[in-house]
Each structure stands twice: as structure tokens, then as C-alpha cells.
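Q: Test case, fold it:
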Amino acid sequence: MSAADPQDVSDLKWTRNIGIMAHIDAGKTTTSERILYYTGKSHKIGEVHEGNTVMDWMVQEQERGITITAAATTCFWKEYRINLIDTPGHVDFTIEVERSLRILDGAVAVFDGVSGVEPQSETVWRQADKYKVPRICFVNKMDRVGASFEESLKSIREKLHANVIPIQIPIGAEDGFRGVIDLIRGVAIVWDRDDLGAQFNEVAIPAEMQELYSEARNKFLESVAELDDNLLDKYLSEQPLEEAEIVATLRSATIALKIYPVLCGSAFKNKGVQPLLDTVAALLPSPLDVPPVVGHSPSEPEKEIECPTDFAKPVAALAFKIANDPFAGTLTYVRVYSGILKVGEQVLNPRANKKERVQKIVRMHANSRIEVNELRAGDIGAIIGLKFTGTGDTLCNVGRPIALESIVFPEPVIAVVVEAKSSADQEKMMQGLQKLEREDPSCKIRLDVESGQTLLAGMGELHLEILTDRLLREHKVAVNVGRPQVSYRETIESPVSVEHLYDREVGGDKHYCRVRLLLEPIPYLEGVKVQYLQGLSKEFTPELRVASEAGLREACEIGPLGGYNLIGITVKVEKIDTVMGANTEMAFKAASSLAIRDAMKIASAKMLEPVFKVEVSVPEDFLGNIIADLNSRRGKVLGMTTRTQGLQVVQAEVPLANLFGYATDVRSVSQGRASFSMEFLKYDLLPAKVQADVLQKLGR
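A: Numbering: from 1, shown residues only. The predicted model follows:
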């Protein structure tokens with residue numbers, strides 16, 4: 001094929017689909033803003049503290065100085081096109097990281113040079129592990145008091161169990177930090193202080209750092225040589241290793257997830273970002289370097305279908321995010337894995353079993369758009385105006401249905417009652433909530449059947465605060481918000497088998513379905529899984545399967561004890577029968593739903609509560625107060641470590657029900673000198689006495 005051939009995918013070697021991920025306040029957005037400035041995408045550097053960043057474009061983000069929603073853009077560095085997603089660091093918005101990593105080829109993990117690995121650093125690292133995303137690490141804030149490159153490397157190795165290889169070492173420390181030494185090329189890079197870091201000089205390694213450089217370079221070459229037998233032979237025979245073969249070895253090992261190269265800098269002081277971009281281009285994979293995505297046939301889930309990065313293949317794309325734009329309407333962000341997605345084309349959504357017309361395609365730059373005619377394999381963009389597609393859905397060629405692996409959404413752990421301030425706004429409020437739920441699957445709306453109140457559930461108090469704020473600003477609905485409530489869950493302790501017959505005549509039409517289910521406990525965080533065993537009725541069409549599964553999942557939304565969602569259950573459909581002429585979707589949905597309810601009447605059900613991992617940094621003088629306070633909250637102290645002189649870090653597990661108001665209390669018991677972070681960890685069985693109290697309050 002020639003370079004001009006429209007089917008030639010070789011140009012994709014110049015494409016990088018990457019995300020920036022880290023704990024809150026490690027400097028992700030600041031790093032992203034510098035990337036946009038140095039690549040020419042922005043003509044002015046935006047600052048988080050000034051509320052004028054490009055990537056944090058939402059009013060709520062600019063007011064609070066945090067990232068809430070993942071923002072996508074495309075920029076160019078030398079001959080490379082970089083599709084960049086800046087993700088949130090706050091634990092309440094973990095869904096944004098999850099769905100971004102699901103579709104990215106590589107990532108940059110940013111760490112605070114003072115704090116090293118922080119709680120949310122571990123969370124996003126595990127998410128990247130789950131999706132097998134190659135990473136490079138950037139130790140940021142090297143100009144701050146207490147910053148240590150060596151300590152940061154140590155914390156990454158110990159807490160993340162990652163095989164990190166530093167490819168740079170810093171020149172200077174804290175306010176004396178002025179550049180880096182490139183261990184691959186053996187040169188020092190020093191930044192000019194007067195031009196926002198756009199200019200830098202490559203100079204000889206300072207004399208005072210020669211000894212440190214020699215030691216670091218030898219360790220580096222030894223680490224690289226161990227990755228390749230040919231290089232190891234050369235290294236042991238004391239032959240020089242060429243720069244090209246070092247880079248090639250680092251690249252293949254990074255893509256294979258064997259190593260994680262580490263760089264350093266200070267994004268806020270405009271130092272270290274250009275070498276980071278060079279490393280993204282040199283070491284992170286292009287769409288051609290990652291294994292083909294594998295989906296399955298919607299009608300035969302056991303049948304796997306491969307989606308190679310090839311323009312000539314039938315189109316297959318994953319919708320990873322929905323956004324509502326006040327002017328454009330519904331934006332569906334997609335990553336195309338195979339083929340070419342074109343304007344005017346009709347595509348299939350297998351989950352909804354609906355066809356969608358692609359009316360308009362855009363490339364995104366934060367909240368602004370550039371209209372294009374097509375997206376090719378390896379591209380990330382958005383489609384305007386899709387009606388039936390949600391987050392995690394596949395869009396594919398009508399002639400070749402395929403379902404790609406969807407996205408796992410975290411379970412909401414906290415809820416509030418919301419009601420419109422005027423009865424006239426009630427319907428408008430529900431429409432706004434439904435749009436927010438479609439955008440953000442980590443929030444859920446449900447109606448309390450006993451009280452008739454509307455419950456909005458989310459990942460934390462900040463998440464709910466942002467959602468209600470967006471309801472007011474974007475949907476012009478003012479709401480009254482009740483006190484936060486814990487979103488408990490329910491599960492079963494032992495297997496239960498049940499059979500249900502649905503045999504009705506409605507409006508002269510017969511509806512008949514007999515279903516036999518086996519419910520078995522599984523790990524709580526796996527949610528509810530549905531399995532259809534082999535050899536079911538030959539009348540069991542894909543449409544009837546969709547109706548049956550909808551009935552099963554809807555019934556699992558109301559547990560037998562407190563009406564909370566069921567989790568930690570596999571529902572195995574062992575038998576499903578019908579008769580010709582009565583095999584309706586209504587019968588299959590109703591039989592499946594009622595079978596679950598029958599099973600719950602005889603199951604040994606238990607309630608579960610969300611437990612959070614809490615990390616408190618506290619001066620030693622107040623350590624006893626903090627531990628006593630955590631114990632009083634049914635907390636379990638797991639351990640303590642010393643971060644810096646006189647500062648202890650306490651790790652604990654605490655039920656969410658006992659963490660409301662903790663931000664105020666932790667300041668009170670430490671005279672304002674302790675800080676903390678918390679993130680959802682797991683669901684655990686609710687103690688019998690606490691369960692009885694919860695059910696009594698519910699009137700059960």
C-alpha cells in the first residue's frame with residue numbers, strides 16, 4: 001500500500017491516546033495545561049488557582065479548583081498527534097477515570113514529589129492495571145519544600161509494587177530545582193526562567209553531579225540490559241549500549257507492562273514537560289501497538305470476535321461517555337477500534353437492539369468542538385444526536401453485530417432526598433435528574449416506594465453537592481436537599497433455587513413463561529451477574545433474552561430487608577420454557593422478575609454497608625486523639641507510617657455511616673493540624689445490632 005492509500009493504517013504509528021491520572025492536587029490539570037501551551041494548542045497558560053484553565057472548563061471546576069469531569073483534546077508534538085484526556089483525582093469522580101482508562105492506550109501517572117503515592121494514586125493505578133494500560137510516571141512538584149525524588153520512587157515501588165526505572169534525575173532540590181539529567185542521552189536539561197519554560201538548554205552535566213550521575217547511569221543501564229538478552233550480553237562484555245536500542249528496549253518493556261519509566265519536574269514552574277512529551281511519543285504505544293480488542297456476538301456470548309486496528313474492517317466503536325450540551329444536545333464520546341465511522345452511516349447498538357443514524361461527528365477540545373466527516377480506527381471523538389446509546393454501549397456495523405466489553409460502574413454509597421422547591425418544577429426536576437444519570441452512571445435516581453420521595457445516590461457528599469448544583473445551573477431547577485443517607489446493599493449468604501410459572505391472558509393475548517433460577521453468592525463488588533445456561537428453549541430469541549434479563553435486574557433493585565439493591569449474587573437461568581404464540585417479552589420479563597422475588601422470600605438475606613479506607617496525616621502530639629476518634633466510629637486501624645519528621649500517617653477502615661461530618665471533627669481533635677483523605681474500599685456485613693437499628697428506622 002502507498003502512503004496515500006486511504007486504507008493504510010501505518011500513519012497511526014504517530015498517534016498516542018493518553019490520559020493524565022493522579023491523586024487530587026498532584027498537578028494533573030497543571031501538567032495538561034503546560035502540554036497544551038508547549039504543543040501550541042493554547043496561547044496562554046491556564047492556572048487552576050486562577051480558575052482559567054482550558055481543561056477544567058465547568059463552572060463548578062473553576063470555582064473549586066478541582067477536576068470533576070474528564071476533558072478530552074487533541075494536540076500535536078513534533079510529528080505526533082496526541083489525543084489527551086485529563087481525568088479527575090477526587091475519589092467521588094472515579095467513574096471518569098474508569099471510563100477514560102477503558103479506552104486509552106497509555107497513561108501518565110502524576111505523583112506529588114513531597115507526598116509520593118497517595119490513596120487515590122493507588123486507586124487509579126489499580127484501574128490502569130485492570131485495563132492493562134502502559135504507564136510512565138511523572139514525579140511533579142520537585143520545587144516544593146520536602147520534595148524527594150528518591151522517596152517518591154521508594155513509595156511507588158513499595159505501595160504500588162511497580163517495577164519503576166528512573167530515566168531522569170533532578171538537578172537541584174526544592175527552591176533550587178532547575179532541571180533534569182537525561183540518563184538515556186547523558187545530557188543535562190536546564191530551563192530558562194523568563195519565558196514560561198518554553199526554552200531550555202542542553203548543557204554538560206554539572207561537575208558537582210558527576211558522581212551522582214555515574215551511579216544513576218550505571219543502575220539505569222543495568223536495569224535496561226536485564227530486559228533484553230542481547231543487551232545483557234553487550235553490557236556484560238562492557239560494550240557501549242546505543243541510544244536507539246535502549247529506547248527500543250524501554251518501549252517494548254513499557255508496552256508489555258514490565259516496567260514503568262519515571263521522569264521528574266515541576267509543571268507549575270514550567271520545568272520538565274517537554275521531555276515528558278518526548279517520552280510519551282517514544283515509549284507509550286500507538287493504537288497499532290496494543291492487542292486487538294475482543295468482543296462477542298450478542299446472540300452467542302461464547303463466540304468471540306476480534307477487532308483489529310484496521311480501516312478496512314467493519315466499524316466497531318465503544319461509547320465511553322455521554323454529555324449534554326445546551327446548544328448541541330447529546331454528545332456521545334466514542335473510541336473507534338475497527339473500521340471507519342462516517343457521517344450519514346447507520347450503526348447498530350446491540351444492547352438496545354436499535355439502529356442509530358450518525359448525523360454529526362466532532363473532535364473535542366475541552367468544551368469546544370471541530371466538526372469532521374469521519375472517525376477512523378484509533379480515533380477518539382464524539383457523535384451528536386444519538387438517541388438510544390448510553391455509556392458502555394457498542395456501536396457497530398449493522399451487518400456484523402458485536403458487543404465489546406462494557407464499563408463497570410461503581411455502586412453509589414450515599415444518597416439524599418431531593419424535592420423541587422415548587423410543585424410546578426417537579427417534572428422539570430425529574431427530567432434534569434434523568435439527564436444527569438445518563439451522563440454519570442455512578443449516580444442513581446430511585447423512588448422510595450413507601451414515602452414517595454425521590455432519592456439521588458452518588459459516590460460521596462461532594463459528588464451529590466455537584467449534582468444538585470448542576471441541576472440548578474444547567475437545568476434551572478432549585479431543589480431542597482435532605483440529610484445524606486447511607487446506601488446500604490443486600491445479599492444472600494447461601495444458594496437458593498426457585499421456579500416460577502407466569503401464565504396470564506391480558507387483553508385476549510396469552511402470555512406464558514416458566515423459569516427456573518439458581519441464585520449463588522459471589523464477591524460483593526461483582527454486583528449482580530446473570531448467566532444463561534446452555535440448551536435453553538429454542539424459542540429463546542435475543543429479544544426475549546433482553547426482556548428476561550431486564551426483569552431479573554429490575555427485581556434485584558429491591559432487596560427483601562430494607563428495599564436496597566441486591567449485590568454479590570450470580571443469577572443462573574437453568575431452564576426457561578414457553579409455548580408457541582404465548583412467548584411474549586412481557587411473559588419473559590414478568591416470570592424472571594417474579595422468580596427473583598420468590599427466591600428472596602426463602603433466601604437467607606443480610607444487609608451490607610459501605611466501608612471506606614481513611615488515611616489521616618497527623619502530628620505525633622495528636623496521634624492518640626485521632627486513633628481514639630476512629631475507634632469510636634467503629635473504625636479499624638490497620639497501621640501507621642512516618643511520612644516526615646513528627647508527622648504520622650494513620651491508615652484505617654471506617655463504615656461510611658460513621659464518617660459524616662468527619663472533616664469538621666478531625667480538625668477539632670487535632671487543633672486544625674491533621675488532614676485526611678478517604679475512598680470507598682468495600683462492602684461489609686452490617687453487624688446484627690446495627691442492622692436491626694437501620695431496619696427499625698425504616699419501619700421494617
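
Q: Run a quick check on residue 95 versus residue 459, I expect a contact.
A: Yes - checked against C-beta atoms under 8 Å, the pair residue 95 and residue 459 is within contact range at 7.5 Å. Where C-beta positions appear, they are placed from N, C-alpha and C, glycine not excepted.

Q: who touches both of the two?
A: 410, 442 (C-beta atoms under 8 Å, 6 or more residues apart in numbering).

Q: So which other helices or strands are in contact with the helix or strand harbouring residue 473?
A: In this assignment (DSSP states H and E), residue 473 forms part of helix 461-475. Counting by 3 or more C-beta pairs under 8 Å, 6 or more residues apart in numbering; DSSP states H and E, the packing neighbours recorded for helix 461-475 are helix 59-64, strand 414-420, helix 426-439, strand 454-458, strand 479-481.

Q: Give the buried residues for that helix.
A: Buried residues in helix 461-475, counted by 16 or more other C-beta atoms under 10 Å: 461, 462, 463, 464, 465, 466, 467, 468, 470, 471, 475.

Q: Over to stretch 182-192?
A: Judged by neighbour count (16+ other C-beta under 10 Å), stretch 182-192 contains these buried residues: 182, 183, 184, 188, 189, 190, 191.

Q: from memory the first one sits against residue 275, does it?
A: Same thing as residue 182. Yes - between residue 182 and residue 275 there is a contact under C-beta under 8 Å: 6.8 Å.

Q: who touches both of those two?
A: By C-beta under 8 Å, 6+ apart, the residues touching both residue 182 and residue 275 are 168, 189.

Q: after the host helix or strand of residue 20, next one along is what?
A: Per DSSP H and E, residue 20 falls inside strand 15-22. Next in sequence after strand 15-22, counting helices and strands by DSSP H and E, comes helix 28-38.

Q: elements contacting that following helix?
A: Using 3+ C-beta pairs under 8 Å, 6+ apart as the contact criterion, the elements in contact with helix 28-38 are strand 15-22, strand 71-77, strand 80-86, strand 106-112, strand 135-140, helix 273-283.

Q: Look up which residues are beta-bridged to the residue lying closest to residue 675 once chain neighbours are set aside.
A: Nearest non-adjacent residue to residue 675, counting by C-beta to C-beta, 6 or more residues apart in numbering: residue 617, 5.1 Å away. When bridges are called by DSSP bridges, residue 617 pairs up with residue 649, residue 675.

Q: doesn't residue 673 make contact with residue 617?
A: No - using C-beta under 8 Å, residue 617 is not in contact with residue 673; the gap is 9.3 Å.

Q: ok, these two, which is more surrounded?
A: A direct count of neighbours by other C-beta atoms under 10 Å for residue 617 and residue 673 places residue 617 higher, at 19 against 14.

Q: In contact with that one, which residues?
A: Taking C-beta under 8 Å, 6+ apart as the test, what residue 617 contacts is 643, 647, 648, 649, 674, 675, 676.

Q: Could you identify which of the residues you listed has the most neighbours?
A: Taking other C-beta under 10 Å as the neighbour criterion, residue 674 ranks highest of the contacts of residue 617 with 22 neighbours.

Q: nearest spatial neighbour of that one, skipping sequence neighbours?
A: Of all residues not flanking residue 674 in the chain, residue 618 sits nearest, at 4.0 Å (C-beta to C-beta, 6+ apart).

Q: Tally up the residues packed near the one you found, please.
A: Counted with other C-beta under 10 Å, residue 618 comes out at 23.

Q: One more: residue 156?
A: 23.

Q: Surely it is in a helix?
A: Yes - in this structure, residue 156 lies within a helix as judged by DSSP: H, G, I helix; E, B strand; the rest coil.

Q: so it makes contact with residue 164?
A: Yes - using C-beta under 8 Å, residue 156 is in contact with residue 164, at 5.2 Å.
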